[in-house]
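Colleague: all I have is the shape, not the residue letters:
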């Protein structure tokens, strides 16, 4: 399955070939097998779509809750990391100020 919202030449070519096969069969220029193969191509594309896969592989209530808990934990972790960075920056500022005070108070040689 390709990534969502991306089109490559292979998909475009296959869609145009399938459409051509269906139209050619309807106009009597191609055998019915060509339309059948094109029909299979479209069935595969529909089956692999995000919507159908979402219906087939729907999450259980426990999976939904677990996903929500993980998302909340990730948010808390991000907040803790940001808070830790702020605390570390404050400690560095305090240490820098203290070091400057100690150096200023030290006797000059």
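Modeller: Received the coordinates, thanks. Just so it is clear, the model here is predicted, and its values are computed rather than measured.

Colleague: show the average pLDDT along stretch 24-40.
Modeller: Averaged over stretch 24-40, pLDDT sits at 87.

Colleague: between the two ends of it, how far is it?
Modeller: 16 Å (Cα to Cα, to the nearest Å).

Colleague: what about the closest residue to residue 18 other than its chain neighbours, which helix or strand?
Modeller: The shortest distance from residue 18 to any non-neighbouring residue, by Cβ to Cβ, 6 or more residues apart in numbering, is to residue 38 (3.7 Å). Where you see a C-beta, it was placed from the backbone N, CA and C, and this is true even at glycine. Assigned by DSSP states H and E, residue 38 belongs to helix 32-47.

Colleague: and the chain, what are its domains?
Modeller: 1-58, 59-109 (automatic domain parsing).

Colleague: can you say which of the ones you listed is packed in most?
Modeller: Of all the domains of the chain, domain 1-58 carries the top mean neighbour count, a mean of 12, counting by mean count of other Cβ atoms under 10 Å.

Colleague: just confirm the residue nearest to residue 18 contacts residue 16, I think it does.
Modeller: No: the pair residue 38 and residue 16 fails to qualify as a contact (Cβ atoms under 8 Å) at a distance of 10.5 Å.

Colleague: from the contact counts, what lies against the helix or strand where residue 15 lies?
Modeller: According to DSSP H and E, residue 15 maps onto helix 9-26. Applying 3 or more Cβ pairs under 8 Å, 6 or more residues apart in numbering; DSSP states H and E, one finds that helix 9-26 makes contact with helix 32-47.
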